[in-house]
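Asker: Need coordinates for the following:
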Amino acid sequence: MTQEKQTEKLQKVLARAGVGSRRQMEAWIAEGRVKVNGHVAQLGDRVTAEDRLQVDGRPVARRKLQPERRVLLYYKPEGQVCTRDDPEGRPTVFENLPEADGRWVVVGRLDLNSQGLLLFTTDGELANRLMHPSSGIEREYAVRVYGEVTPEILRRLQQGVTLDDGEAAFTRITPVVDYRALGYEAPPGNEWYQVTLREGRNREVRRLWESQGLKVSRLIRVRYGPVSLPRGLRRGEHRPLREGQVAALCQAVGLEHETQKDNDKRKAPRHKGRRGRRPTRRR
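Answerer: Model prediction:
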């Protein structure tokens, strides 16, 4: 009896290979830019490990279809944009990243004037799950606010306010009392707060404070899910996540994670015969 070949959604396979995000791959498939075994792919197609995939006429290397899952932590400085190419010629967050099998996919974004933790991964499926609102992944920020913040304002920001794109609220707001110990500065009229969100809409943190007539004068993302911005990492620097940190990220979004040890075991050639068996003693 022959074993049925395991199939996966085409966009999921391409995303995992680092070609782009899953949503982007769905758009490319709809545009006819993807082929499977020489035929133009359709949305809903499923593929196996043996299928030949092409994007814009270029083959996707088989080694990229099962790449090692890598995650990179980057301390974004102010003044960088989160795109690969900027029409205005501004520096981008991708310029100083190390080479990777496939390509780096950014997890979430920070605007030009914000700084702090950014995650990059070679696994588009992991990136998609981390960014999707249904995952409920927490994002935590240190925010310097200019203006008078009253208890009533804090209450409204946690109960929910109406923005242009719908209701929004902070899940937590905590005043930062000893901000100097964290290396923060607070000019007159400014106060620091730690705030937490479970989604990442465009400029959501800033818009929430602005809805109360206040201005965000500084914004630093300090945590994304179980990963926090480490002390000692300077702006513009990056470091790879440890195996346990990657596993924690995957667990947070219900994704299985193979350790490097598992990968090596899976890729290791199988030896046939009785090699390595202890010889019997002759009498």
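
Asker: what ranges of this structure fall below the confidence cut-off?
Answerer: 1-6, 63-67, 101-102, 258-283 (pLDDT under 70).

Asker: what residue is smack in the middle of it?
Answerer: Closest residue to the average C-alpha location of the chain: Val107 at 2.5 Å, with C-alpha atoms, centre = their mean.

Asker: For that residue, give the beta-bridge partners.
Answerer: Leu119 (DSSP bridges).

Asker: How about Arg172?
Answerer: Legend: beta-bridge partners of Arg172 under DSSP bridges are Thr196.

Asker: Now do it: how many residues are near it, please.
Answerer: 12 (other C-beta atoms under 10 Å). (Glycine included, C-beta is placed from N, CA and C.)

Asker: Would you agree it is in contact with Tyr193?
Answerer: No. Contact criterion C-beta atoms under 8 Å: Arg172 and Tyr193 do not qualify, at 9.7 Å.

Asker: And the helices in the stretch 1-150 of the chain?
Answerer: Counting by DSSP state H, counting those that start in this stretch, the stretch 1-150 of the chain has helices at residues 10-16, 22-30, 62-65, 124-131.

Asker: Of all those helices, which one is nearest Val205?
Answerer: Counting by C-beta to C-beta, Val205 lies closest to helix 124-131 out of the helices of the stretch 1-150 of the chain; the figure is 15.8 Å.

Asker: Show residues contacting that closest one.
Answerer: Applying C-beta atoms under 8 Å, 6 or more residues apart in numbering, the contact partners of helix 124-131 are 12, 14-23, 25, 69, 71, 105-108, 119, 121, 135, 137, 200, 224-225, 249-250, 252-255.

Asker: For that helix, list every residue counted as buried.
Answerer: Neighbour-count burial for helix 124-131 flags Gly124, Glu125, Leu126, Ala127, Asn128, Arg129, Leu130, Met131 (criterion: 16 or more other C-beta atoms under 10 Å).

Asker: which among those residues gets closest to Val177?
Answerer: Taking C-beta to C-beta as the measure, Val177 lies nearest Leu130 of the buried residues of helix 124-131, at 31.1 Å.

Asker: what's the closest non-adjacent residue to that closest one?
Answerer: In space, and not counting its chain neighbours, Leu130 is closest to Val107: 5.0 Å by C-beta to C-beta, 6 or more residues apart in numbering.

Asker: The one you found: what's it in contact with?
Answerer: Listed by C-beta under 8 Å, 6+ apart, the contact partners of Val107 are Leu118, Leu119, Phe120, Thr121, Ala127, Leu130, Met131, Tyr224.

Asker: Could you measure from Ser217 over to Tyr75?
Answerer: According to C-beta to C-beta, to the nearest Å, Ser217 and Tyr75 sit 20 Å apart.

Asker: Who has more neighbours out of those two?
Answerer: The neighbour comparison of Ser217 against Tyr75 (other C-beta under 10 Å) goes to Tyr75, with 19 against 16.

Asker: got the contact list for the more buried one?
Answerer: Residues in contact with Tyr75 (C-beta under 8 Å, 6+ apart) are Gln115, Gly116, Leu117, Leu118, Leu229, Leu233, Arg234, Arg235, Gly236, Glu237, His238.

Asker: Tabulate those (TSV), appending distance to Thr92 and neighbour count.
Answerer: Output for the contacts of Tyr75, formatted as TSV (distance: C-beta to C-beta, whole Å; neighbours: other C-beta atoms under 10 Å):
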residue	distance to Thr92	neighbour count
Gln115	14	21
Gly116	16	22
Leu117	17	24
Leu118	11	23
Leu229	20	19
Leu233	19	14
Arg234	18	7
Arg235	15	14
Gly236	12	15
Glu237	16	13
His238	14	16
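
Asker: ok, these vs Glu8, which is closest?
Answerer: Closest to Glu8 out of the contacts of Tyr75 is Leu118 (27.9 Å), distances taken as C-beta to C-beta.

Asker: Grab the nearest non-local neighbour of Arg156.
Answerer: Of all residues not flanking Arg156 in the chain, Gln212 sits nearest, at 6.8 Å (C-beta to C-beta, 6+ apart).

Asker: Enumerate the positions of stretch 11-27 that are buried.
Answerer: For stretch 11-27, a neighbour-count test (16+ other C-beta under 10 Å) marks 11-22, 24-26 as buried.

Asker: Fine by me, we can end here.
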